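Enquirer: Next comes the sequence, and after it the predicted model I'd like to discuss.
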Number of protein chains: 2
Amino acid sequence: MTASRTARERARTELTREIVEAARRRLATEGAAGLSLRAVARDLGMVSSAIYRYFPSRDELLTVLIVDGYNALGTAAETSESDETDYAGRWLALGHAVRDWAVAHPQEYALLHGSPVPGYRAPQDTVVPAMRAIQVYGRLVSEAHRAGAAGTPVGFPDPLGLLAADAERVRQVMPGTPDGLVLRAVGVWTALFGWIGFELSGQFEGTLLERRAAFDHHLHCQATLLGLPAGAT
Amino acid sequence: MTASRTARERARTELTREIVEAARRRLATEGAAGLSLRAVARDLGMVSSAIYRYFPSRDELLTVLIVDGYNALGTAAETSESDETDYAGRWLALGHAVRDWAVAHPQEYALLHGSPVPGYRAPQDTVVPAMRAIQVYGRLVSEAHRAGAAGTPVGFPDPLGLLAADAERVRQVMPGTPDGLVLRAVGVWTALFGWIGFELSGQFEGTLLERRAAFDHHLHCQATLLGLPAGAT
DNA sequence: GCAAATCGAGAGCACTGCTCTTGACTTGAG
DNA sequence: CTCAAGTCAAGAGCAGTGCTCTCGATTTGC
């Protein structure tokens, strides 16, 4: 019951939310490195020390932004799914959903998949939201395999037994899939983010101009590694 | 002739080099965000304002580190090549060389392929060194295609004519290759860096433990997209 | 009604990038 | 050799940062 809360409690949750929103606005324009607590405080008309009543440190505020980012990306991934049985289509939709969100929120995306800071250790709060996107992917791969739509193309190297334990751990997000598919799926997943990283860091500037079409082709090519039928593009 | 230079000139080039080396040491431990001009000056026993006699700003010093990083990565890529005609082997060697360098110099790698800072625009000095690694790759793809070793596997989507102009631009680094191979090669290149990014940002922590073997398998799988023969792994 | 908890404001500390001035030194031309 | 011009390190100083502490004012719950 929000009505039973005291005025002070309501004001606190409200101001906490406002701080996060102001921080997110600053993050979008200045980037993570330029996000200043004092600037956020100025935007809200308060003094910098007042922020510390709500967040114990700048890192904690950044962590909240990271969790929000993972959740936003996870929601985008979860709502991307199209026709249940069109596994190639689901892969394309998922890939485009991730890229669309990244292009729309480059600084937040950089916060999630950017350069790691030596001292920074990801708090426990971030791991669950961080899993949402890859779980959508794992479900897709798992279901495609169960439906026989993710056939193993010939000419693929079988992973060494050395990787069996690693594959077993990854299989938690894509149950029932064989080692080869599991490991290929990990590689395809990194290929998705590798492309987005190139695009966001401007490495395609002046070279690849038809970004969406080129990315779509990239998704089609990577889909063949999963054995998903590659449509025309 | 270095002997003809005055003592002041020799001292200047020497101290410039020492500043860069001290900055690189700090970069390795503190990361790019924590690289402080004053700390570098303290390491060298000088006062912070003296640094500005050698580098007009912190960004300029970072740019020198970036150029050095691209050159080191480029050298690693160029010296990786093995048997001329074993194109799959050359691809594996190139991939491992890039990853080995990245793992050995994570902070420098993050400087090259990390989160872009909103305001920062890559100076012209960086573009030529930045091309060295991908030119090794382009030469490999081009020669493999010319030798008939990079056959186009069936079941691949042909890129739309929309991407012809983009492919033409990329073809500058891999002459003589058809549009489909060019675009697939770009995707494979990003897949290489995508994997490294995952590994360096700790996303494989506790999951993929056999890093080198898993990466090797990733390289084998991506090689099939280029039509290179996939050996056993 | 009142003690306790909570809050915003402000001063202050140590740090940062960067600028400016000052005095000592080196250089190259006369 | 002389000496003006150029170059240098050092220090003070400015504006900004994250963060801590204190001090009143307000709100809470007993």
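Expert: Great, that's in hand.

Enquirer: Closest to the centroid, which residue in chain A?
Expert: In chain A, the centroid-proximal residue (CA atoms, centre = their mean) is A:Leu73; its distance is 4.9 Å.

Enquirer: pLDDT at A:Gly148, what is it?
Expert: Per-residue pLDDT puts A:Gly148 at 83.

Enquirer: For A:Tyr87, see how far away it is.
Expert: Counting by CB to CB, to the nearest Å, the gap from A:Gly148 to A:Tyr87 is 10 Å. C-beta here means a position set from N, CA and C on the backbone, and glycine is covered the same way.

Enquirer: out of the two, which sits in the busier spot?
Expert: A:Tyr87 (22 against 8; other CB atoms under 10 Å in any protein chain shown).

Enquirer: Who's the closest spatial neighbour of A:Thr207, skipping the chain neighbours?
Expert: B:Arg169 (5.0 Å; CB to CB, 6 or more residues apart in numbering or on different chains).

Enquirer: The residue in chain A positioned nearest to DNA strand C is in what secondary structure piece?
Expert: DNA strand C sits closest to A:Ser49 of chain A, with a gap of 2.7 Å, by CB to the nearest atom of the strand. Element membership for A:Ser49 (DSSP states H and E) is helix A:48-51.

Enquirer: before we move on, what about A:His217?
Expert: Element membership for A:His217, per DSSP H and E: helix A:211-225.

Enquirer: does DNA strand C sit close to the helix ranked longest in chain A?
Expert: The residue-count maximum for a helix in chain A (DSSP state H) belongs to helix A:7-30. Yes - counting by CB under 7 Å from any atom of the strand, DNA strand C is contacted by helix A:7-30 at A:Arg8, A:Arg12, A:Leu15.

Enquirer: Which residues does that helix contact?
Expert: Contacts with helix A:7-30, where a contact means CB atoms under 8 Å, 6 or more residues apart in numbering or on different chains, come from A:2, A:34-36, A:39-40, A:43-44, A:51, A:54-55, A:61, A:64-65, A:68, A:105, A:107-108, A:111, B:118.

Enquirer: how far does it sit from the chain's center?
Expert: With CA atoms, centre = their mean, to the nearest Å as the basis, helix A:7-30 stands 23 Å off its chain's centre.

Enquirer: average model confidence for it?
Expert: On average, helix A:7-30 scores 96.

Enquirer: got the CA coordinates for that helix in CSV?
Expert: What follows is helix A:7-30, C-alpha atoms only, in CSV (Å, rounded to 0.1, in the frame of the first residue of the first chain):
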residue,chain,number,x,y,z
ALA,A,7,5.2,11.6,3.2
ARG,A,8,8.9,11.2,3.9
GLU,A,9,9.0,7.7,2.4
ARG,A,10,7.0,8.8,-0.7
ALA,A,11,9.3,11.8,-1.2
ARG,A,12,12.3,9.5,-0.8
THR,A,13,11.3,7.0,-3.5
GLU,A,14,10.2,9.8,-5.7
LEU,A,15,13.5,11.6,-5.4
THR,A,16,15.5,8.4,-5.8
ARG,A,17,13.7,7.9,-9.1
GLU,A,18,14.3,11.5,-10.2
ILE,A,19,18.0,11.1,-9.5
VAL,A,20,18.3,8.0,-11.6
GLU,A,21,16.4,9.6,-14.4
ALA,A,22,18.6,12.7,-14.3
ALA,A,23,21.7,10.5,-14.2
ARG,A,24,20.4,8.5,-17.2
ARG,A,25,19.9,11.8,-19.1
ARG,A,26,23.4,12.9,-18.3
LEU,A,27,24.7,9.4,-19.2
ALA,A,28,23.2,9.7,-22.7
THR,A,29,24.8,13.0,-23.4
GLU,A,30,28.1,12.9,-21.6
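
Enquirer: What's the first helix or strand after it?
Expert: The C-terminal neighbour of helix A:7-30 among helices and strands, as given by DSSP H and E, is helix A:37-43.

Enquirer: Give me the buried positions along that next one.
Expert: A:Leu37, A:Val40, A:Ala41 (16 or more other CB atoms under 10 Å in any protein chain shown).

Enquirer: Please apply the same query to stretch A:75-89.
Expert: Neighbour counts over stretch A:75-89 (16+ other CB under 10 Å) mark A:Ala76, A:Ala77, A:Ser80, A:Glu81, A:Asp86, A:Tyr87, A:Ala88, A:Gly89 as buried.

Enquirer: Just want the phi and psi numbers for the closest residue to the fourth one other than its chain neighbours.
Expert: So that's A:Glu81. Excluding its sequence neighbours, the residue lying closest to A:Glu81 (CB to CB, 6+ apart) is A:Arg90, at 5.5 Å. Phi and psi for A:Arg90, reported as degrees, to the nearest 10, are phi -60, psi -40.

Enquirer: list the contacts for A:Arg90?
Expert: A:Arg90 sits next to A:Ser80, A:Glu81, A:Ser82, A:Asp83, A:Glu84, A:Leu140, A:Ala144 when contact means CB under 8 Å, 6+ apart.

Enquirer: Give me the distance between whichever residue of chain A sits closest to chain B and A:Gly148.
Expert: Minimum separation of chain A from chain B (CB to the nearest CB) falls at A:Gly194, amounting to 2.0 Å. Taking CB to CB as the measure, A:Gly194 falls 29 Å from A:Gly148.
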